[in-house]
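Undergrad: no sequence on this one, just coordinates:
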């Protein structure tokens, strides 16, 4: 059983930066595909960024490319989402997700609010 515990987030002004963390326990973290998703009020959850367990390949939603960076530290069993140049439309609850074969595990979610 994989457990994901998120930290970070909060309130930031537009143009500012935040870093989210997601610490995993259980299993072999280095073999997990990790991702970040977000859900704004009244909207469906959407993909933000993902990082593979092989070669650290990354991919991003078009809306965050060039502003957000996903990274992982396998020694700490942690994945990060560095968010720069935040916009009002980045306001959402952010979730980390771990994929292990057919199984998916989610973090508890953390609120990111960008103010003008």
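TA: Everything's here; your move. If you're wondering where the values come from, they're calculated on a predicted model, not measured in any experiment.

Undergrad: which intervals of this protein have sub-threshold pLDDT?
TA: 54-56 (pLDDT under 70).

Undergrad: spatially speaking, which residue is in the middle of it?
TA: Among the residues of the chain, the one closest to the centroid is residue 36, at 2.9 Å (C-alpha atoms, centre = their mean).

Undergrad: and it, helix, strand or coil?
TA: Classification of residue 36 using DSSP: H, G, I helix; E, B strand; the rest coil returns strand.

Undergrad: who's in contact with it?
TA: 20, 22, 48, 49, 50, 70, 79, 81, 94, 95, 96, 97 (C-beta atoms under 8 Å, 6 or more residues apart in numbering). From N, CA and C alone the C-beta is placed, and that goes for glycine too.

Undergrad: save those as a markdown table, and put in neighbour count and secondary structure too.
TA: Output for these, formatted as a markdown table (neighbours: other C-beta atoms under 10 Å; DSSP: H, G, I helix; E, B strand; the rest coil):
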| residue | neighbour count | secondary structure |
| --- | --- | --- |
| 20 | 25 | strand |
| 22 | 27 | strand |
| 48 | 24 | strand |
| 49 | 24 | strand |
| 50 | 19 | strand |
| 70 | 22 | strand |
| 79 | 29 | strand |
| 81 | 28 | strand |
| 94 | 24 | strand |
| 95 | 21 | strand |
| 96 | 29 | strand |
| 97 | 21 | strand |
